[in-house]
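> attaching a predicted model along with its sequence, questions to come.
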Amino acid sequence: AGSASFDDQAQYNEDGTVKVIEERLAVGKRQEEQGRVRVRSYVREVPVDAEVDLRATRVFVERRPVDRAVTTGDVAMGDQVLEARETAEVAVVGKEARVVEEIGLRQETEVRHEHIQDTVRKTEVEIEDERTGERSSLTGGTKDTTGGY
């Protein structure tokens with residue numbers, strides 16, 4: 001008496017049937033951007049200091065007083081020329097560009113397993129046959145004849 005029965009015509013569709021509907025879970029995937037890494041290079045001038053010792057050679061004229069007799073070697077020489085050059089080291093700066101490091105980007109793909117939980121709906125159908133007193137139920141298209149609840 002308190003149980004549902006199909007006596008009421010409002011429970012039937014237009015064609016006199018009960019539609020059994022079942023939702024199915026469809027799990028897909030999409031790719032989302034999680035951020036990016038950008039490597040940018042630029043040139044910056046940095047002051048540097050270096051120490052260097054520079055050598056110089058100087059020429060000085062020296063006069064020494066002497067008092068001696070003239071020898072044949074002194075007279076036979078004739079014209080004489082003495083010559084000396086002054087030298088000095090100067091700093092020479094050269095620059096050489098060297099590659100000292102390489103920076104690149106590498107991508108790795110990892111796969112992670114994820115368990116999805118959700119709910120789906122399905123039509124539950126109970127059939128009560130008053131002629132025989134038999135009750136049966138249909139769940140998602142499968143028939144369960146338990147003979148009761």
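Sure thing, it's come through.

> okay, now the unreliable bits of this structure?
1-13, 76-78, 140-149 (pLDDT under 70).

> apply 50 and report the result again.
Residue ranges of the chain with pLDDT under 50: 1-10, 147-149.

> what are the ranges of the strands in it?
56-57, 87-88, 124-129, 134-139, 142-144 (DSSP state E).

> helices of this protein, start to end?
72-76 (DSSP state H).

> tell me how far the residue nearest in space to the middle of the chain lies from Asp79.
By C-alpha atoms, centre = their mean, the chain has its centre lying nearest to Val37, at 5.0 Å. Using C-beta to C-beta, to the nearest Å, we find Val37 at a distance of 82 Å from Asp79. C-betas here are computed from N, CA, C, even on glycine.

> doesn't Leu105 make contact with the residue nearest to the centre of the chain?
Yes: counting by C-beta atoms under 8 Å, Leu105 is a contact partner of Val37 at 6.1 Å.

> quick check: closest non-adjacent residue to Ala56.
Ala88 (3.9 Å; C-beta to C-beta, 6 or more residues apart in numbering).

> residues near the one you found, how many?
By the measure other C-beta atoms under 10 Å, the count of residues near Ala88 is 9.

> same question for Ile127.
14.

> centroid-wise, who is the farthest residue in this structure?
Ala69 (94.2 Å).

> how much space between that one and Arg98?
Distance, Ala69 to Arg98, by C-beta to C-beta: 69 Å.

> tell me the contacts of the residue nearest to Ala56?
Shown in contact with Ala88 (C-beta atoms under 8 Å, 6 or more residues apart in numbering): Leu54, Arg55, Ala56, Thr57.

> fine, thanks again, bye for now.
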